[in-house]
Structures are given as structure tokens and as C-alpha cells.
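A.B. asks: Got a sequence here, can you model it:
(chains A, B and C)
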Amino acid sequence: MAFLKVDFVTKYFAGSNGTGDLCVFRDVHFNIEKGEFVTMVGHSGCGKTTLLNIIAGLETPSKGGIILDGKEVTDPGLDRMVVFQNFSLMPWMTAYENIGIAVRAAYPKWDRQRIDEYVQQYIDMVGLTGSEHKRPAALSGGMRQRVGLARAFAVQPKVLLLDEPFAQIDALTRGVIQEELVRMWMATKNTVFMVTHDVDEAILLSDKIALMTDSPEARLAEIIEVTVPRPRSRETLIDHPEYTRIRKYIIHFLVERSRKIQEQGQR
Amino acid sequence: MSTSSLRDPFDPDVSLNHMGHAESVSHSDANHEPQTAEAITDRVVESAIVRSVFGHDLRRREFLRLVGSSTALAVLSSVFPLAAAKAVAQEKTGPIEKKDLKVGFIPITCATPIIMAEPMGFYKKHGLNVQVYKASGWAMIRDLAINRETDATHMLTPMPLAFTMGAGSQEVPFIMPAVENINGQAITLHKKHKGVKSAQEMKGFKFAVPFDYSIHNFLLRYYLAEGGVDPDKEVQIRVLPPPEMVANLKADNLDGILAPDPFNQRAVYEDAAFIYMLSKEIWPGHPCCAFAARKDFSEKYPNTFKALFKAIVEATQYAHQASNRKEIAKAISPRNYLNQPVEVVEQVLTGVFPDGLGNTRNVPDRIDFDPFPWHSMAIWILTQMKRWGYIKGDVNYQKIAEEVYLAAECREVMKSLGYKAPSQNSTKHNFLLGKTKVFDPAKPEDYIKSFAIRRA
Amino acid sequence: MNGINQVAKSKERQKVIISSLLFLVVFILFWQLNTKPSVGGKTEGLPGPLAVAERAWEMLSNPFYDGGPNDKGIGVQLLYSLGRLAVGYSAASIVAIFLGVVLGLYPTLYRAANTYVQILKPISPLAWMPLFLYTIKHSGWAAVMVIFMSSLWPTLANTAFGVSSIRRDFLNVSSLLQLSWFRRLFKVILPAAAPAIVAGLRISIGSAWIAIVAAEMLIGGTGIGYFVWNEWNNLQLNSVIFAILTIGVVGVLLDLGFVRLAKAVSYTE
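C.D. replies: Down below sits the predicted model:
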């Protein structure tokens, strides 16, 4: 029994100017096993963020549904925590408080002391010791996302959803955080679904990569396995032959498929 | 002492005639004769009231036979504050129900008895702890009285009549046991009109009066109409609180005012205006302001009401003495009361004053204090209210006057304090102004129709 | 580098203070030169700054005296006015913030209610006075209601706007965390909208203070507005001017309080 099932999900958006409904993607159907790290790759606008939001319960599917651990899920909840592209930290709270409010929500019966210890643990885990009493405005992009990651991991969700988490972080910091994420994931063995358009990132982090075609009428084209053995690091990855093969494959997909569809459209 | 006039007025078999025809005295009559002094007084009051309502003895007996005496008693009680009247007539006051009272006033010299009773100890003498509360205008006074925020209030003499009839406010029955002052107003004109000598020259003027239901408004209209000027069509009459009148005269917003003192004198003091005519020169002895209360206050707290009433009547009589006026002026000028310069208040109260035209005049009864609320005064006011269209339809002048102006009760209180009071409730009044006009209260409708300028 | 900045800043500040004082001196001289001296207690036209200062000294040296119900010290009068302000303003603020949050979270309701808010907003609170007196039947409470009406609209409008402008992200996070409505309101919505709410509160207290002075002139009793009216009755303009200045000073202090509050709740995104 698959842990997370995306069950023939279709999404329409109401068309503007009365041109009729726009279908973003149709019949997306795949499974994620427990403890797997799956990434979805596709061009901007193919609906991957929308799909992630549907899994998180922040948006509703037009057709189909999401089944987690045998039960259908429709509302947002702590069992599917999200890490956002723009960090989504509460600017009036300190880093500590941002994580704290999530921990309070996840473990309402804990007392003050236990929460404090727990939060501190995660602060240390993401390397923010000493900055926990700063507000997000005083933190760099990388540090903010570390808070975001700490917050998400701290609630120990069944599924961790990452929505282009490092897109707004500078390239140099990005690499560092990616490796930190892998380390954290290997320690906790969460089930992860990530969305990105950074191919290298996908290969570095995931067990499987799902390829989406372009919108409208986007579909899940195929799922490929990342055959590079773990543990992986940026340094060792680029030398591995499987990395090069998979990378080429994906880029061909992205370029070729998009071209094909454009041609189809012109006919 | 014969108690024959004290037969039960609610017994249809009894005649209340004092003279002549002896009626058969039934057994029941003997049983109902009052024995104690208190009971006698009670009976006096009841008889007086029943007599004044029914007049003719035969009518009374018909009525009583028809409805029965307990109903009659109930009906009369709803119209007359029997309990209050009885309490008033008693020599000794019963225990006071409510010691701490608030009495509202407007800072004008008309309210002198109400105001002076506090610093000069008249309220205290009768066992009351009264706070005199300054209001900012007549509308405020009305609201304070109706909302029971004040227990008794300084009002303009037409106001209790108007409110009892539901004109200018919700319909709330008021009683006016005493007049505060008579005379004490003046027509004051802007100094640029120093040459004006008659009403005809006032066409197009902008006047101010303190309130629609005020003796000022009615006197001004009377004066203008007698001079052939239509007050609704040929001049503008505005309502302004008296304190604002002086400022407006100074600012040249008004041509004249018919205002209460001390504002006429203050306007002269500020070199903005001159006194054209004193109100006593229009109607000598006219009533101006009154002491009024909600009818239900007098019914709920009859002893308190009586004590208050006595205090006011005493203060009024004290103020009537010319020799006391200077002392009073000093007592009521401070900021807590009138808040006016002492000289101005003295000039008003003593009647020795500069008139703004360079003369010093000596008119001792420029303002005077006499508590007796003549029913005929009420009737005159009612005729003027009908004349100018403030009330419409048929008016039972006598009935309303009696309901509101408690002449009988005032007489009782004055006598109990040792003062002389008129023996009648109504009289004819003389108006000056060239041809002396007489007002006969027995013929109100004819009086209204005798005017050339009127709205009804 | 910092050192040079500091010096430049303090020089700038000095210039501002000196110019400000200069304005004041020029104004007072101008005022004094344009008033005629008082003759025998009666003044012609406006009293000068010296007369006002004298009166101010008199009032301030015994601010809490009680000469009867219609004559109390300036301290007492201000306290009464501030008391009424506090009651009416607090009540209005609570109602306004609550309603504002509701309108901000439900755009349909917001649009539906907006027409009425726009109609009621510009009505002078004093125009409501007669209606309140008639229905409430108590002059003191009618005055408090006048303050209520004048403090309501700016806070309501600003709160609704602030809440409706909250970034979707914050609301998403609170959904994901499955926060109770209580925590959602107090930990997310109110802090997020706080700068807008405080801006509304600041405007409201200004208009409420203005309204209470005017209302007191109408109802009498005790209060700074009544004090102005009472002094005007006796044409004591020096008292009136002094009272006006105190009203202004109190207004400034109230406003400064809210500036402080605004700083405390502000945040950068």
C-alpha cells in the first residue's frame, strides 16, 4: 500500500474573459512510498506548485484526490507540512517563536520547558545557534529558509512538502543548504515531495524524479529513478556517470517535449 | 368649630354648599366626619379641589352617583397631585424621602431664588441637601428634567404648560408650583440703532430670544404686533442661549434681543448695546421664569417636594425685599453660579443702572420676585401659544392652567410661612403700551380674536 | 564615517530646535503687539499673552479645587473629560477591531458593509447628540456615545483594510498548523494587521478628543469643554485661550502615545 497516493488529480482554473475553464493538468497519478524523496520537475506554469498545494490541502482538486496512509485528505494539517519558496515566516516573531508556534500546535500537551528544549534542538540542528532571537528581517535568505526547514521538521509531519525551497537563495548558499537538507532527511527518514526546476538539485536530493509536461493539459510524462548511490555530495555527484546520463535525459525531456507541444499547437 | 363644610366631598348625598339650604344629614354622614386636625386638613384640600373641578354642586353629585366615589377619587388623583397637595397643606412636614437633590438652572438673574437658596442656606434650613446644576441651554434643561437627571428645575413659564401638552417635547406632565421672578427682561438693541424709537423702525431686524416657549418670545411678538409689525413675516426671530447673545451682539450678528438679565446689562457693560425698553413697560408684573418639577416627582416624594417648595417660596420672598438685593448679588455672582461681574448683577437686582444712552435710571422693580402662579398668567400664555400657532385645536384653557399652575398650593405654602397671598386664582392683567389693554382670563378666545396679527 | 554622520545629525537637530523656538518667540511678540492693554478689568478684543500666562499660572497653581458643582479646577475638568474619553474610546475600539477583523476576513461582507460605513463615516458625531439624548435619557452617557461614534469609523476602516491585506502566506501557515481560531486571531491576524490597526486608533483618538470637547459644551456638567463654555459666558477670553491651549497639549500627548505604540507593533517583512 503506497504511503502517499496522488489519485488521478485534475485541476481546472476558471478562464478569464469568459474563454472557458483552463485545464492546468489532467489525471496526474503517482505514488510515493514511505521514506521516499520524490521531486517533480517541469517548466514554470505546468502546475507543480498547484499540485503541491493540493497535496497540502491549501487548494482543492477539480477531479481526483489525495490519499495518505489509507485515508483521503482534503484539509491542510500538521501531517503535511510545507516549506515555502518565500520562507513564509511571521515577521513579527523571532526565529525561535516561529518554530515555537509550530511545535506548540503539534504538541499541545507539552509544557513550556519541553517545548523550549525541543525548539533549541532544532535551532542547533540547522546551525542557527545564537541567532534564534532575531526577527526574519535581520536574517539572510539562507538563514530564513533554515528556520523554515527547522519549523517543518520540528512538527515531524508524515509528508514533508518542499515548494521550490531554495529558488530565492543565492547559488553559493544554496549548495550548502541542500546538503544540510539531505543530512536532516537521512536522520529523520521523512517522506518528502519536492517541486523544483533546478535539475541538479533534483538529482542530488531525490530517489525518484517525476517529469511533468507543459501546461495547459499538462500530464505526468514519466517517473525516473535516480540511480546514483547515497550518500551523495555535490562534489562526488558531478563525477558520477549516472548523474550525467540522467541530467541529459531530463534536459532533453524539457526541451524536446516543449518543442513538440509547440509544434502540435502550430499545426 | 363647625365642621359642616368638611363633609365627605366624595359622598353624593352630601352638599358642599356653605350657605343656606340645610340638607338632610344622613347617618353615613356622621360616621365620615373627620376628627383629627390632619384629617380635617386632608378634607379641606379634597373639598377645595373637588369644588374647583365641579363648580356646580349638582354636577358633582351626578358625577359621583354615576361613577362611584372611589373611581372619582382615582380620576381626580390622576389629574391632581392630591398626595402632594395634602402634604403641602400640612403645617409640619413629614419625614423627607430624598435628601440629596439636584436642581437645574440657567445662569440668568431670573433664577435668583433657586440659586441663592444654596449659598444663603434656604435649602439647608428645610432639611435638604441641594446641588444647583448649571445647564447650557433650555433644550438641555428640558432633557435634564424629563430624564430625571434633575429633581426640580428652573424653567421658562410656558415650558411646563407646553411639555404637559406634548408641545416641544414628549408629553410629560409637569407642575409649576411657583413663579421665580416677574419682570426682569428687556428689549436691548445694538448700539448702531440708537435712534430707533418705535416698532415700525424695526422691520427687517434680526432678533434673538432664549427659547420658543418663553415669555420673551411672546412679549416680543406682542410688542411688535401692537406696533403693526408681523413677527413671523417682517422680522427674524432666532433662538439663542442667553450667554451667547452678548457675544453675538458684539459680533454684529444681531440687531436686538429680548433677553433675560444680566445679559441686557452685560451688553451695556461691554459697550455693545443699549436698553430700549424694560419688559415691565410692556406687561408690568409679567411672569418670567418658574420653578417646575415632574408631576410624578411630587407624587413620589410629597414631603421632599413640600420642603423644596417652601425653601423656594421663602427665598423668593427674601429676594422681594429691596434691602436684601445687594447681599444677594454678591452671593450669586461667583463662577459656580452666574459667573458674571458683581457690578452688573447688582445693577440688575437693585434697579439702579446705566442704560447705554448716557442716562442712569432708577427702576426698583426692574426685576421682582413673587412666587404666586396666577392661573390667568397661564391662560395668557396659552392664548399666545394658540395665537401664533404653537398649539392647534381647541384648548381647555382653564383646565390646563389649573393642572399645571398650582395656585392653591402656593397660597397654602405662603400662608404657612407667614406671607400674604392673593385670595383668588385668576385676575385681570393690564398691559401698557399707549392704549392700556386689559386681559380678561374668562374670555380667552375673544382675546385671541381681538388681535389683528395672528396665525389662528 | 559614523562619527561624521553623528555630528551632521546633531547639527541638523539643533537647527530644527532653534527655528522652532524662533517661530514661537516671533508669534508671541506679534500677539502681544496686537492686543490693547486692559482697562479696569475689561479687555478690548483679544487678551495678550501676558494676560493668558497670568490666568494660566492662577489655574495651574490650584488645579484640583472644588468650588461647587459648576466650578472646579482645571485638573478636575480634564480628568472628567479624559474619563469620558477613556470609556467611549475603549468601547468603540473593541467593537471596531472586532468588526474590522470580521469584515477583513470575509470580503463579501466587507463589500456589502462598505457602503454603509462610507455613509456613516462623515457624519459629525455631534449631529448624533440630539438622537442620543432622546433615546439614552442621560446627558453623561449621551456624551460618551458621541465619543463612541467618533472613535468607531477610522479604527474600523483601517482594521478591515489591514486584515484584508494580510499576506496569504501567513494564513496558509496558520491553516497548516491547524491553529485554533483563538490562536489564529491573537498570534497571526492581529499582529499582522497591527500597524494598520494602530494607525486607525491614532486617527480615532484625535477625532474623539475633538468631539468630547464640543459635546461637553452642549451638555454642561464637568469637563474641559464645559469649562470653556462657562468662561465664555463671562467673556473671560484669557481663560478660554488657556483652556484651548491645554486641550491642544493633551491632544498632542495622546497622539504621541500612539506614535510610541505604532513603533512597538511595527515589523519589517
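
A.B. asks: what helix or strand is C:Glu58 on?
C.D. replies: helix C:49-61 (DSSP states H and E).

A.B. asks: Tell me which residue is most central in the chain.
C.D. replies: Assuming you mean chain A. A:Leu162 (2.0 Å; CA atoms, centre = their mean).

A.B. asks: hmm, I had chain C in mind actually
C.D. replies: C:Gly206 (2.6 Å).

A.B. asks: Kindly provide the distance from it to chain A.
C.D. replies: With distances taken as CB to the nearest CB, to the nearest Å, C:Gly206 is found 26 Å from chain A. Glycine gets a C-beta too; all of them are placed from N, C-alpha and C.

A.B. asks: Check C:Val188 too.
C.D. replies: C:Val188 is 7 Å from chain A, by CB to the nearest CB.

A.B. asks: Strands of the stretch 51-200 of chain B, residue ranges please.
C.D. replies: Using DSSP state E, counting those that start in this stretch, the strands of the stretch 51-200 of chain B run over B:100-105, B:129-134, B:152-156, B:174-179, B:182-183, B:185-190.

A.B. asks: Which one of those strands lies nearest to chain C?
C.D. replies: strand B:129-134 (4.0 Å; CB to the nearest CB).

A.B. asks: Pairing partners for the closest one, with directions?
C.D. replies: Paired with strand B:129-134 in the same sheet, following DSSP bridges, are strand B:100-105 (parallel).

A.B. asks: Where do the helices of the stretch 1-150 of chain A begin and end?
C.D. replies: A:48-56, A:95-106, A:112-125, A:141-154 (DSSP state H, counting those that start in this stretch).

A.B. asks: pull the CA atoms of the second one into CSV?
C.D. replies: As requested, the backbone C-alpha atoms of helix A:95-106 are provided in CSV (Å, rounded to 0.1, in the frame of the first residue of the first chain):
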residue,chain,number,x,y,z
ALA,A,95,13.2,32.7,14.7
TYR,A,96,12.7,30.9,17.9
GLU,A,97,9.0,32.0,18.1
ASN,A,98,8.3,30.9,14.5
ILE,A,99,9.4,27.4,15.3
GLY,A,100,7.8,27.6,18.7
ILE,A,101,4.3,28.3,17.5
ALA,A,102,4.5,25.2,15.2
VAL,A,103,5.8,23.0,18.0
ARG,A,104,3.0,24.3,20.3
ALA,A,105,0.5,23.4,17.6
ALA,A,106,1.9,20.0,17.0
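
A.B. asks: So which elements touch it?
C.D. replies: helix A:112-125, helix A:141-154 (3 or more CB pairs under 8 Å, 6 or more residues apart in numbering or on different chains; DSSP states H and E).

A.B. asks: Could you give me the buried positions within the helix holding C:Glu58?
C.D. replies: C:49, C:51-52, C:55-56, C:59 (16 or more other CB atoms under 10 Å in any protein chain shown).

A.B. asks: any residues touching stretch C:200-212, and which ones?
C.D. replies: With contact meaning CB atoms under 8 Å, 6 or more residues apart in numbering or on different chains, stretch C:200-212 is reached by C:81, C:84-85, C:88-89, C:92-93, C:96, C:100, C:125-126, C:143, C:146-147, C:149-159, C:162, C:223, C:225, C:247, C:250-251, C:254-255, C:258-259, C:261-262.

A.B. asks: ok, now stretch B:359-372?
C.D. replies: B:109-110, B:112-113, B:178-184, B:261, B:278, B:280, B:285, B:291, B:312-313, B:316-317, B:319-320, B:322, B:348-355, B:407, B:410-411, B:414, B:421-422.

A.B. asks: Let me have the strands of the stretch 51-200 of chain B in TSV, extended by mean neighbour count.
C.D. replies: Shown next, in TSV, are these (neighbours: other CB atoms under 10 Å in any protein chain shown):
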stretch	mean neighbour count
strand B:100-105	21
strand B:129-134	20
strand B:152-156	29
strand B:174-179	27
strand B:182-183	26
strand B:185-190	28
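
A.B. asks: and those, which one is worst for confidence?
C.D. replies: Taking each of the strands of the stretch 51-200 of chain B in turn, the lowest mean pLDDT turns up on strand B:174-179, with a mean of 85.

A.B. asks: Please tell me the pLDDT value assigned to the nearest residue to A:Arg234 once chain neighbours are set aside.
C.D. replies: Leaving aside its chain neighbours, A:Arg234 sits nearest to A:Gly175 (5.4 Å; criterion: CB to CB, 6 or more residues apart in numbering or on different chains). As predicted, A:Gly175 sits at a pLDDT of 89.

A.B. asks: Thanks again, I'm all set now.
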